[in-house]
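Undergrad: give the three-dimensional model of this entry:
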Amino acid sequence: MSQDIDYGNLMHTAMRGLIKTVLTSVSENGLPGTHHFFITFDTRQDGVELADWLRDRYPEEMTIVMQHWFENLEVGDDGFAITLNFGDAPEPLYIPYSAIKTFVDPSVEFGLRFESPEDEEEFEPVAEDSIEVEEEESDQQDAEVVSLDSFRK
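TA: Residues are numbered from 1 along each chain as shown. You can find the predicted model right below:
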């Protein structure tokens, strides 16, 4: 049986587990020291819950800041709920871990970024005979295209 190990998926699962652990600690003990978080998430992801006016304002992605004022942080297996202040109006949110695109704690220069297939450039394999190499010369002349066929015997 020949199966590949999906390291990318395993890494994302581990990183989301790290976020869950950190948020659980914050929910139990508060934010220590100068720690604070910038969390960017996909507002279109299934399971995201936010007010209609926020969804209208942020139709694709939104970044929240957990720092001075937040309430009702409840950490679950699949995501977390939190109430944040938007212009003196408290708003409850629910964010599944799978919706998180970035998690950053600038106080300690720590960050996680989750790549999705649409974030990556599309890769198309090319036939060996059509591979070309471009070399740019140091004196900023035009690039020279060299066909690999010229090196074959």
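
Undergrad: residues touching the nearest residue to Pro90 once chain neighbours are set aside, list them.
TA: Spatial nearest neighbour of Pro90, excluding adjacent residues (C-beta to C-beta, 6 or more residues apart in numbering): Thr83 at 5.1 Å. Bear in mind the C-beta positions are built from the backbone N, C-alpha and C, glycine included. Neighbouring residues of Thr83 by C-beta atoms under 8 Å, 6 or more residues apart in numbering: 70-72, 90-93.

Undergrad: and the strands in this structure?
TA: 37-42, 61-66, 70-75, 79-85, 90-96, 100-105, 110-113, 132-135, 144-147 (DSSP state E).

Undergrad: can I get these in TSV including distance to Asp6?
TA: TSV is the format used below for those (distance: least, C-beta to C-beta, whole Å):
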stretch	distance to Asp6
strand 37-42	21
strand 61-66	25
strand 70-75	26
strand 79-85	22
strand 90-96	20
strand 100-105	19
strand 110-113	18
strand 132-135	32
strand 144-147	36
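
Undergrad: those strands: lowest mean pLDDT?
TA: Ranked by mean pLDDT, these bottom out at strand 132-135, with a mean of 38.

Undergrad: how close does Leu54 get to Gln3?
TA: 42 Å (C-beta to C-beta, to the nearest Å).

Undergrad: ok, Leu23 next?
TA: Distance from Leu23 to Gln3, counting by C-beta to C-beta: 33 Å.

Undergrad: one more: Ser107?
TA: 41 Å.

Undergrad: those two: which is more packed in?
TA: The neighbour count for Ser107 versus Gln3, taken as other C-beta atoms under 10 Å, is higher for Ser107 (14 against 5).

Undergrad: how many residues are close by the closest residue to the more buried one other than its chain neighbours?
TA: Distances taken as C-beta to C-beta, 6+ apart place Thr34 nearest to Ser107, at 4.4 Å, with adjacent residues excluded. For Thr34, the number of neighbouring residues by other C-beta under 10 Å comes to 10.

Undergrad: much appreciated, bye for now.
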